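# pasting the sequence and the predicted coordinates here, then a few questions.
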Amino acid sequence: MWLPMLGMTALPHLGGLYGGYVTRKEVKTWYKTLQKPSWRPPNAAFPVVWTCLYTGMGYGSYLVWRELGGFTEDALVPLGLYGLQLALNWAWTPIFFGAHKLKLALIEIVLLTGTVGATMASWYPISRTASMLLAPYLSWLCLATTLNYCIWRDNPEKKEE
C-alpha cells in the first residue's frame, strides 16, 4: 500500500513543478511591474505553502481512494471532483503568469475555489480527515482569489488594437 500512497501524494506536485517553471521568469519580470496590494504574501512564501498544500491534497485523495476500495463506481464523484480541481489548479498558473490574462485567471480561480469546496463536501462522509486536509488549501485559495481580484482591478488589461 505504500506505492499508491506515495504516488497519489506526489501527483499534485507535478503541476506544481510545471507551474514553478512557468512562474520563475515571470516573477522577476512581468509580475514585478504589476500593482499589488501591500498585504500580499512575500514571493518566497509561495513555494513553501504550495508544497504543503499539494502534499495535503494528495494524501487526502489517497485516503478517499483507500476508503472506497480504489477507483470504484463510488469513487467517481469524489475523485472526479478532485481530478477536476487539480486540472483547474494546474491551469491557473499558465493563464495568469504565462498568458498574463488577469480576468480569465480570476474567473478560473473562482471556479477552482468552488470545485475545492465541492470536493471537500463529497469527501467529508467518506473521510473527515481527507476533507479537513483540504481546509488550508481552501483558505489559501480564498486569499489567492482576493489577491488575483486586486491585481486584476489595479492593472487594467491593455486593449489590443
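Here it is on my side, so go on.

# for Tyr124, which non-adjacent residue is spatially closest?
Distances taken as CB to CB, 6 or more residues apart in numbering place Ser131 nearest to Tyr124, at 4.2 Å, with adjacent residues excluded. C-betas here are computed from N, CA, C, even on glycine.

# my guess is the one you found contacts Met120, does it?
Yes - the criterion here is CB atoms under 8 Å, and Ser131 meets it with Met120 at 4.9 Å.

# count the neighbours of Thr72 for me.
Using other CB atoms under 10 Å, Thr72 has 10 neighbouring residues.

# do you know the pLDDT at it?
The score at Thr72 is 95. That number is its pLDDT.

# follow-up on the earlier one: now do the residue nearest to Tyr124 against Glu67, distance only.
11 Å (CB to CB, to the nearest Å).

# show me the contacts for the closest residue to Ala135 other than its chain neighbours.
In this structure, Ala135 finds its nearest non-sequential neighbour in Met120, 7.3 Å apart by CB to CB, 6+ apart. Going by CB atoms under 8 Å, 6 or more residues apart in numbering, Met120 touches 131, 134-135, 138.

# can you give me the helices in this protein?
2-28, 45-67, 76-93, 102-123, 128-133, 135-154 (DSSP state H).

# which residues of the protein score low on pLDDT?
160-161 (pLDDT under 70).

# pull out the buried residues from stretch 100-109.
100-102, 104-106, 108-109 (16 or more other CB atoms under 10 Å).

# just stretch 38-47 next, same as before
So, applying 16+ other CB under 10 Å, buried residues of stretch 38-47: Phe46.

# same deal with stretch 17-37?
19, 22-23, 31.

# name the nearest of the buried residues of stretch 100-109 relative to Thr55.
For the buried residues of stretch 100-109, the residue nearest Thr55 by CB to CB is Ile109; the value is 20.6 Å.

# relative to Ser61, how far out is Leu81?
Using CB to CB, Leu81 is found at 10 Å from Ser61.

# ok, the residue nearest the centre of the chain - contacts?
Residue closest to the average C-alpha location in the chain (CA atoms, centre = their mean): Asn89, at 3.7 Å. Counting by CB under 8 Å, 6+ apart, Asn89 touches 12, 15, 112.
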